[in-house]
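In: What would the 3D arrangement of this be:
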Amino acid sequence: MDVQSDSLIERVFAVTLRHNRENLSSDPPVLHLAQLSKELEADGVAIFMNGELLDRILVSRLIESPPSKYPLSPLQYLLGCHARASNELRTKAVSESPILSSIVLTSKELIVSYAGLALQGVIPQEQDAEQRGSLQLLDSLDAKDMPAQGIVPMPHGFIDEFGARHENDGLEEWITPIVKELARRVRSTSPLGNYAAPLSIVAMLCRCEPIARVLVKIREWLPNLKDVTGRGIELPGSSWLGPCFSVSSIPDELNNSQPSVLQQCFSNIDARRQGDIAQSLSALRMACKHVQNELNGIVKLLLGKSTRESMIQWLASTIEGNEERGKMVMDPMKAASHGFFINLNAVLLRLCGPFMDPSNPNFWKRVDVRFVTMNSRLSFTSDTKLAMSEQEEASWREAVQSASGAASTTGSLSTGPEYHFICECFFLTAKALHLGVVKIANDFQNLGRSIHHHQQDVEGMEAEAPNVPPGSRREMELRIMIPRYKEALSKLKALSITSQGVLADPDLMSEVLAFYRLMASWMICTASPQSNGNLSNIQLPLPTPPPKEFACLPEFFVEDMTDLLLHTSRYNPQLLSSSRMDEIMLFLVVFMGSPAYVKSSHLRSKMSEVLHVWLPQEDDMASSSGRPMSARRMNPRSQVGSSLQSLFQGHPMVLEHMVPTLLRLYVDVEFTDQHNQFYQKFSLRQGIAEVLQYLWNQPSHREVWRKYALREGHGTGEYVRFCNMLISDSIYLLDDSLKKLQDIKEKENIMGDPIRWLALSSQEQNEMRQSHSQTGEHLKTMLTFAQGTIHLMNFTTEEVTLPFLLPEMVDRLAGMLNYFLKFLTGSERRKLAIKEPEKYNFRPRELLLSIIKVYLHLSSSDRQGVFAKAVAADERSYSPQMFPESEKVLMSSGLLDPIQHAQLEQLNRRVEDAAAAAQEQDDLLADQDIPSEYLDPIMATLMVDPVLLPTSSKLIMDRAHIVRHLLSDQRDPSTREPLTPDMLIPQPELKAQIQAWVKQTVAAKRASKAAEAQQYGI
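Out: The predicted structure is shown next:
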């Protein structure tokens, strides 16, 4: 056994006690330990190496008699010894011998211990090795993939043993330089470079628990981002883990990672084939997925029991320290990069994976809404809340914290309960997505606008260049600027492609959609606590007021969801087709119509935009509804409509509430909390109108529509308010369009008249061209909105007309229709005869037909003749030639079918009869002094249905006039106190007096006329 032990130790340590066994040419060289051999001989010990001599052997080899010019440094020598020892342990001879196994195991322990001594400088070594210090370990880790002379590849198991042995004995000092160097390497590497090696080494280190515990304690673990800003998390000197998240296909202008993605894959982007671009994106996506896999593994390792708290705090602090990314325009010097946050999002989404399905009971047991207001990791204080003002939130938060503080005497923490990892992970992911994927998607939109503006600038300069005098200053400017602008444009396009390449990653975005599906389910159930996490228990309308916990949720929970849905629908629609969207559709229906829960009408209107892009394709809709081309939306919808069509029909709550919700929202978007809300509301209503049109053509939704109109179609009911808004929009949009048409006509006349045109200066001509172009763009938009609004009124009045025939509505509607009919059929239409009307979406015959259809729909339901009377009573615009002229225009164009022709003639006769009757009564009352108490005090017209306003002292008005006012402003016009139609007090005695006075006055006048006629024999 002595011979076997001696031979084993010789193989492991490459040393011998016998001179004849020395072999300097072997690999590794076997050295004779002459001094130790002499000492053993003097002690009378046999010259055989055994387990008892192991420590003296290493001391002799490394400290007392280190060899000169040995090819390996002491540390590298020890690593080689460890590798050979591990190999010996796997041999049959050693594994079956307890004595030999014990020698090998003891050898490995000593090797690890002496490795620490080597790093401490106790063992003599060359200056280069001494200066290299613990980075020699990194050299060996590198050598596993890239062998180098004098470097021993890191033996399997050494790192684990080294970490366990030295955790409390210098490990922090030795590991810190290694992870800082790895951070430096990975920070400067793009997905096209060797990012894999440093990331795999980081993972190896984190896999060793003692090293992991040290890594989360060192100063470079988590910097104070309040001091160094969010960008500090990516700096190798500040954090060793942060730079690992920086590897991304989205270039970072502050980090020149190599090889350059822009230069190698997307330089001179316009000259590259689409196939090459797609191939580059695919390769980059695969590389980034590998990066995210490695990062996910690292984070999961650090979420082990002994380092979990530190890892969660790192994630939370990194997110909190990057609030700069939440700004509309962020300072890249103060925030982590897009690439960093994409990788962070990917990792967090994978951590959410086990509970991402809304049916998972663990999620509902663990997620606590109190986290938003009572937690020590994330702050939501500065975020706008869904249904709470800043002051309300502050008061409620103070009350909650006060109650929590009182409870702390019983053992509870004042910062709230101890939250489960699932809860923390859910909210960490929500905020990280807000600062990550959502921010990138919004910046992608801004990038598109920048590209458009740069493209216009380049085209403008290129068009200008041929007309610039050679040698002029302007020519020199253009010669310099055009190439610069083209280069900038090419870079912007490349950046756009890289961003969209990430946002179109099917794996990443499928996880994002799955998370927001979970968020939608959670928010619905949080708004309705009695549902107990079961969506089938939800009932609408939601009870008011909303739970305080829901009211103080940040708005971005909702806005992020809608922004991502809109982006995905427009740029990556196939993902929606393969994702479950039922919970999200229910979420949209529930909260679009719940202003008490989501106060911002702008936010609720975004939900309707999602519905709009989910509609079936335009051709299908147009063919099914007969919708005129002029009413179609300017921007095409996404390609997801047909695959998501079932969502509009599937859930009972969707069927019952979608139409009423959208009709209420149509009114609510009058104020959208945006700086351009006046014009934005028309765009939003255009989208809502298209969704309503689709629903109108679905029998189940149409039936709900009819019932809702019947229920809310009186007083200031919601449907009456919708009809009132429809009329108001039609008046403004059509009137504005008519003015712009006349403006266009006038400018065309000037530009077409050589004398008038040449009389203008060059500057005046340019200004007129510019004004003509701007007016044309505005006209095109307004006409699209106007014709869409008239089309909405057209199909809604097919079966629902009663609200439009109410006294407070019918006069205003008739006046609006008459006014625009006058411009489309009478002599006024010559003012609208512009060149290329199609260019501006102006199709007067189609518009005329839509207006005539509204007339016909209302006339068919006009049992009492109120609509005919209102049309005839419009002194501003009505003329007897109006309908015959309309009939002539439409018949000549083949747009009027025989039934409509007959209906139009009947309407004309009814209006003429009503006009004659009204004229007769006017003549009879023309010279009569109407008692002042019979007149409406504001409109100065004879009252029909007088009512007393309880909020004004003895003020009596005609019901139609005051209700019309209350439709848009439910306050007393005089005192501004709250006032609703049900508060109005009827005045039956006054009403009877007015009717009696009219009857008596008319009868007396008729009798007088009859007597006069008899007297003169007429």
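
In: Least confident secondary structure element in the protein?
Out: Lowest by mean pLDDT, DSSP states H and E among the helices and strands of the chain is helix 618-625, with a mean of 45.

In: distance of the spatially most central residue of the chain from P354?
Out: The centroid of the chain falls nearest to D563 when counting by Cα atoms, centre = their mean (2.5 Å). According to Cβ to Cβ, to the nearest Å, D563 and P354 sit 26 Å apart. Quick note: C-beta positions are derived from backbone N, CA and C, even for glycine.

In: again, but for I312
Out: Distance, I312 to P354, by Cβ to Cβ: 16 Å.

In: same deal with D668?
Out: 39 Å.

In: Same question for M328.
Out: From M328 to P354 the distance is 35 Å (Cβ to Cβ).

In: Those two: which is more packed in?
Out: P354 (12 against 8; other Cβ atoms under 10 Å).

In: Show me the shaky parts of the stretch 1-150 of the chain.
Out: Scanning the stretch 1-150 of the chain for pLDDT under 70 picks out the ranges 1.

In: And the strands in it?
Out: 15-16, 31-32 (DSSP state E, counting those that start in this stretch).

In: Can you name every helix or strand that the first one contacts?
Out: Here strand 15-16 touches helix 2-13, strand 31-32, going by 3 or more Cβ pairs under 8 Å, 6 or more residues apart in numbering; DSSP states H and E.

In: Any idea which of the ones you listed gets closest to E838?
Out: helix 2-13 (90.6 Å; Cβ to Cβ).

In: quick one: contacts of the closest one?
Out: Helix 2-13 has contacts (Cβ atoms under 8 Å, 6 or more residues apart in numbering) with 15-17, 21, 30, 46, 48-51, 53-54, 57-58, 61, 81, 84-85, 88, 93-94, 97, 99-100, 103-104, 107.

In: The same query, at a cut-off of 7 Å, please.
Out: The contact list for helix 2-13, computed with Cβ atoms under 7 Å, 6 or more residues apart in numbering, reads 16, 21, 30, 46, 48-51, 57, 61, 81, 84-85, 88, 94, 99-100, 103, 107.

In: From the residues you listed, which land in helices?
Out: Counting by DSSP state H, those place 57, 81, 84-85, 88, 94, 99-100, 103, 107 in helices.

In: Nearest to D139 among the residues you listed?
Out: C81 (16.6 Å).

In: Same list (the strands of the stretch 1-150 of the chain) but as TSV, adding distance to R165 and mean neighbour count.
Out: Listed next are these as TSV, based on distance: least, Cβ to Cβ, whole Å; neighbours: other Cβ atoms under 10 Å:
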stretch	distance to R165	mean neighbour count
strand 15-16	22	22
strand 31-32	26	20
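
In: Ok, which of those comes nearest P660?
Out: strand 15-16 (89.9 Å).

In: just the helices in the stretch 251-400 of the chain please.
Out: Here the stretch 251-400 of the chain has its helices, by DSSP state H, counting those that start in this stretch, at 261-265, 274-302, 308-320, 338-352, 361-366, 390-407.

In: now, of the ones you listed, which is deepest in the fold?
Out: helix 338-352 (a mean of 24; mean count of other Cβ atoms under 10 Å).

In: Quick one: residues in contact with it.
Out: 234, 245-246, 248, 250, 252, 291-292, 295-296, 299, 325, 425-426, 428-429, 432-433, 435-437, 440, 502, 508, 511-512, 515.

In: which ones are touching A833?
Out: K745.

In: quick one: it from D505, how far?
Out: Taking Cβ to Cβ, one finds A833 at 53 Å from D505.

In: on that earlier part again, counting neighbours, which of the contacts of helix 2-13 end up buried?
Out: Among these, those buried by neighbour count (16 or more other Cβ atoms under 10 Å) are 16, 30, 48-51, 57, 61, 81, 84-85, 88, 94, 100, 103, 107.

In: Just flag the most distant two among these.
Out: R61 and V94 (21.0 Å).

In: Which strand or helix spans H778?
Out: helix 762-796 (DSSP states H and E).

In: helix, strand or coil for K835?
Out: coil (DSSP: H, G, I helix; E, B strand; the rest coil).

In: Neighbours of D668, how many?
Out: 21.

In: what's the spacing between it and R721?
Out: 10 Å.

In: hmm, back to that, tabulate the helices of the stretch 251-400 of the chain (TSV), appending distance to Y694.
Out: Shown next, in TSV, are these (distance: least, Cβ to Cβ, whole Å):
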stretch	distance to Y694
helix 261-265	42
helix 274-302	34
helix 308-320	40
helix 338-352	33
helix 361-366	34
helix 390-407	38
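
In: which one is V437 nearest to, not counting chain neighbours?
Out: N345 (5.3 Å; Cβ to Cβ, 6 or more residues apart in numbering).

In: One more: E161?
Out: Closest to E161 by Cβ to Cβ, 6+ apart is V112, at 4.8 Å.

In: next one: G713
Out: P803 (4.1 Å).

In: per-residue pLDDT, the one you found?
Out: We note a pLDDT of 93 for P803 in this prediction.

In: Backbone dihedrals for it, please?
Out: Note on P803: its backbone torsions stand at phi -60, psi -30 [degrees, to the nearest 10].

In: isn't it right next to Y719, touching?
Out: Yes: assessed by Cβ atoms under 7 Å, P803 is found in contact with Y719 at 5.7 Å.

In: Quickly list what's touching both of the two.
Out: 709, 713.

In: so which helix or strand takes in I956?
Out: Going by DSSP H and E, I956 is in strand 955-958.

In: After that strand, which helix or strand is next?
Out: helix 959-966.

In: Show me what that following helix is packed against.
Out: Secondary-structure packing of helix 959-966 (3 or more Cβ pairs under 7 Å, 6 or more residues apart in numbering; DSSP states H and E): helix 807-825, strand 946-949.

In: now the ones you listed in a markdown table, with mean pLDDT, distance to K1009 and mean neighbour count?
Out: Shown next, in a markdown table, are those (pLDDT from 0 to 100; distance: least, Cβ to Cβ, whole Å; neighbours: other Cβ atoms under 10 Å):
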| stretch | mean pLDDT | distance to K1009 | mean neighbour count |
| --- | --- | --- | --- |
| helix 807-825 | 91 | 28 | 22 |
| strand 946-949 | 92 | 29 | 21 |
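
In: Any chance of a markdown table for these, columns distance to E459?
Out: A markdown table is the format used below for the helices and strands packed on helix 959-966 (distance: least, Cβ to Cβ, whole Å):
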| stretch | distance to E459 |
| --- | --- |
| helix 807-825 | 37 |
| strand 946-949 | 61 |
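
In: closest to L644 out of the ones you listed?
Out: Judging these by Cβ to Cβ, what sits closest to L644 is helix 807-825, at 35.7 Å.

In: Run through who's touching the closest one.
Out: 723-724, 727, 730-731, 734, 738, 803-804, 828-829, 832, 844, 847-848, 851, 854-855, 866-867, 870-871, 873-874, 876-878, 882, 885-886, 889, 959-960, 963-964.
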